[in-house]
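# Attaching a predicted model along with its sequence, questions to come.
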Amino acid sequence: MVTAEKALAVDPAGFSPDGTVSYNRVSPDPSQPDLAHGAILYLDDITVSFDGFRALNKLSLSIDVGELRCIIGPNGAGKTTMMDVITGKTRADSGTAFFGQNMDLSRLSETGIARSGIGRKFQRPTVFEDHSVFENFELALKMDKGVWPTLFARLTGEQRIRIDEVMTTVGLSARAYDPAGLLSHGQKQWLEIGMLLAQDPKLLLLDEPVAGMTDEETERTAELFVSLAGKHSLIVVEHDMDFVAAIARRVTVLHEGAVIAEGSLQQVKENERVVEVYLGR
Amino acid sequence: MSSIALLPVSAPRQPVAFRLYSKLGWTGLAATWGVLVLLALLYYLVPESSALHVPDYVIVLIGKIMCYAMVALALDLVWGYAGILSLGHGLFFALGGYAFGMYLMRQIGRDGVYKSDLPDFMVFLDWKEYPWFWAGTDQLWWALLLVVLVPGLLALVFGFFAFRSRIKGVYFSIITQALTYAAMLLFFRNNTGFGGNNGFTDFKRIADIGITLPGMKVTLFLLTAVALLGALLICRWIVTSKLGRVLVAIRDAESRLRFCGYDTVGFKLFVWCVSAVIAGIAGALYVPQVGIINPGEMSPANSIEIAIAVAVGGRGTLIGALVGAGLLHGLKSWVTVAFPEFWLFLLGMLFVLVTLFLPQGIVGLWSRLKKR
């Protein structure tokens, strides 16, 4: 455990260099989440309706700092809508969403939420197809993203090294100068995951990250996610149960816009309500 | 707009050391501008009796085409890179022209038909003094400032609301078209204070020097050449910077970029305003060379012509806008004299043919041939 003074001196993500999480840290910067209480995301009583259809129905959920949480549920359970609410794409009709102790997500724009440290991978891989793989990483890389700094931006040696690291992590070094549009579906998934890493968010939202990947790619993705947990917090939405089994510590089951079960994968599987929903009994 | 994703990107594939153009590119630019300067010298220094003398109308025509090229360049910056198709760039061009035209009207002094301090059209309306927005327009510096400020501020206000409301694609194009049309109707009114449908004409002087003197003509010609080159290099600098890559990313996947932490509204607004200012400067250079500005410049057809010039030359290449504008207006000045009734048919046909067979324009064709 680090002391408060020491924790203040380490990086703003609230993690000390050895990867342990400091819980007694005071966030001095209002544009960054205060993680002192150990939770990075609190959703409380969130309701979202589209034309009378309740996509989310009083959803409550809390994610701990450094946690890797899997979210499963049948189609239409509200998984993607939940991610939309967290990233500011959709506004909740009622309820509250907080990032850390201090940041009310309903008051922030999509850009503001991204800058405060929430990264998102879309369900359909979305990359900048006309740009090379390297340029995709350059755009994602954590730095000042205002108009003027961008106009005058030149990559520093350190930033190039960081991009190289991420490219190696996601296995795209050989494709660095190919247009992203020429990558296979699985490689695009990796590129987008890599872009998230380059963005260095505190909380990663991953919507079906292994869809369209080969078994081998899926396995490597599982390893990557497990290695990220602890340094980052992850929320993974996935249908592939083998993948969930490979990475899951805690699983949340959504159904009709609300949480119906939460626990280890085994506990969830044995939950009567979950069995009912999945098997339609 | 998925078709836009097929456009070429001139951002370097391998972001090596920063450079604007390749050696070949610089040579081409130097050669082109060398020819322009040579033409100016042949016009100004060689006596009219000589076979080498460049006649007056050639200088005026090329000067005019350079202005069209500049506004096409401005459009390519927003359309070819950020995917924002404006069908109202003629408005910014005309506003720059009107802003400088006010100064040109003041320079007429008492040499108008009515020998009054006021421009003839104001005398005709029985106005006794200049309206408030004419204040200061007798000063060259203020007029030059207006040339930049008026199109720039209009673009800023319009762009802010349009981009903040996330108006995109064809909806944005239609609104810009409506904007220039509305402005045209406004400027047609005599009471608006800009000479109604006659606009401004009969210019006499700039900075008290006669506007018809060869020295003035060659100065305007060279200024236009310098402005065009400057605008090209500024645009090229923008699109080769990281901001240029952000613009293309806006064109291809704007929402992804927002989740990367970029405020896309600010980027669009920046490039939109730069584009409007370049168009305004082009208009200001156009008016003294052509000798007239009227609301016809704001007609939707004019703005569409600019877009066609960019499409013909090749979107997202900058140089293509210059090639397209040069070709289109060269062709226009010949066709409208030889077969005036066929110009619009030809224009429409050209657009259809380019869209079908040359989706990346002339420059796209050139780079495809080079790759083979």
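It's in. Numbers count the residues shown, from 1 in each chain, chains lettered A, B, ... in the order given.

# Not counting its neighbours along the chain, what's nearest the residue of the stretch 251-372 of chain B found nearest chain A?
Ranking the residues of the stretch 251-372 of chain B by distance to chain A (C-beta to the nearest C-beta) places B:Gly261 first, at 4.0 Å. C-beta: built from backbone N, CA, C; applies to glycine. Nearest non-adjacent residue to B:Gly261, counting by C-beta to C-beta, 6 or more residues apart in numbering or on different chains: A:Ala114, 4.0 Å away.

# B:Phe259 is in contact with that neighbour, correct?
Yes - with contact defined as C-beta atoms under 8 Å, A:Ala114 counts as touching B:Phe259 (5.1 Å).

# which residues touch the residue of the stretch 251-372 of chain B closest to chain A?
Counting by C-beta atoms under 8 Å, 6 or more residues apart in numbering or on different chains, B:Gly261 touches A:Thr111, A:Ala114, A:Arg115, A:Lys145, A:Gln199.

# quick one: which of those is nearest A:Gly95?
Closest to A:Gly95 out of those is A:Ala114 (21.4 Å), distances taken as C-beta to C-beta.

# what secondary structure does that closest one sit in?
At A:Ala114 the chain is in helix, as set by DSSP: H, G, I helix; E, B strand; the rest coil.

# okay, now it: neighbour count?
By the criterion of other C-beta atoms under 10 Å in any protein chain shown, A:Ala114 has 24 neighbours.

# quick one, what contacts it?
Counting by C-beta under 8 Å, 6+ apart, the residues that A:Ala114 touches are A:Thr87, A:Arg120, A:Gln199, A:Pro201, B:Arg258, B:Phe259, B:Cys260, B:Gly261.

# quick one on the thing from earlier: with distance to B:Ala99 and pLDDT as added columns, please give the contacts of B:Gly261 in JSON lines.
Formatted as JSON lines, these follow (distance: C-beta to C-beta, whole Å; pLDDT from 0 to 100):
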{"residue": "A:Thr111", "distance to B:Ala99": "35", "pLDDT": "92"}
{"residue": "A:Ala114", "distance to B:Ala99": "40", "pLDDT": "92"}
{"residue": "A:Arg115", "distance to B:Ala99": "39", "pLDDT": "91"}
{"residue": "A:Lys145", "distance to B:Ala99": "35", "pLDDT": "93"}
{"residue": "A:Gln199", "distance to B:Ala99": "44", "pLDDT": "92"}
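
# In PDB, could you pull the C-alpha coordinates for stretch A:54-71?
Output of stretch A:54-71 as PDB, limited to C-alpha atoms (Å, rounded to 0.1, in the frame of the first residue of the first chain):
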ATOM      1  CA  ARG A  54     -37.200   0.800 -22.300                       C
ATOM      2  CA  ALA A  55     -33.700  -0.100 -23.500                       C
ATOM      3  CA  LEU A  56     -32.400   0.300 -20.000                       C
ATOM      4  CA  ASN A  57     -34.700  -0.100 -17.000                       C
ATOM      5  CA  LYS A  58     -33.400   1.200 -13.700                       C
ATOM      6  CA  LEU A  59     -30.000  -0.300 -14.400                       C
ATOM      7  CA  SER A  60     -27.500  -0.100 -11.500                       C
ATOM      8  CA  LEU A  61     -23.900  -1.200 -11.800                       C
ATOM      9  CA  SER A  62     -20.600  -0.400 -10.200                       C
ATOM     10  CA  ILE A  63     -17.100  -1.300 -11.500                       C
ATOM     11  CA  ASP A  64     -14.000  -1.300  -9.300                       C
ATOM     12  CA  VAL A  65     -10.700   0.200 -10.200                       C
ATOM     13  CA  GLY A  66      -8.600  -2.300 -12.000                       C
ATOM     14  CA  GLU A  67     -11.500  -4.700 -12.500                       C
ATOM     15  CA  LEU A  68     -12.200  -6.800 -15.600                       C
ATOM     16  CA  ARG A  69     -16.000  -7.200 -15.800                       C
ATOM     17  CA  CYS A  70     -17.800  -9.200 -18.400                       C
ATOM     18  CA  ILE A  71     -21.300  -8.300 -19.400                       C
END
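
# Quickly note the distance from whatever residue of the stretch 1-150 of chain A ends up closest to chain B to A:Asp200.
Residue nearest to chain B within the stretch 1-150 of chain A: A:Ala114 (4.0 Å; C-beta to the nearest C-beta). Going from A:Ala114 to A:Asp200 by C-beta to C-beta, to the nearest Å gives 11 Å.

# Next, name the residue at the spatial heart of the chain.
Just so you know, I chose chain A. Central residue of chain A (C-alpha atoms, centre = their mean): A:Leu204, 1.6 Å from the mean position.

# Correction: the question concerned chain B.
Centroid check for chain B by C-alpha atoms, centre = their mean gives B:Val71 as the closest residue, at 1.8 Å.

# Give me the pLDDT value at A:Val26.
A:Val26 is assigned 50 on the pLDDT scale.

# Would you map the strands across chain B?
Here chain B has its strands, by DSSP state E, at B:200-201, B:205-206, B:209-210, B:292-293.

# Please disregard the earlier target; I meant chain A.
Assigned strands in chain A, in chain order: A:39-50, A:53-64, A:68-72, A:94-99, A:103-104, A:118-121, A:203-207, A:233-237, A:250-255, A:258-263 (criterion: DSSP E).
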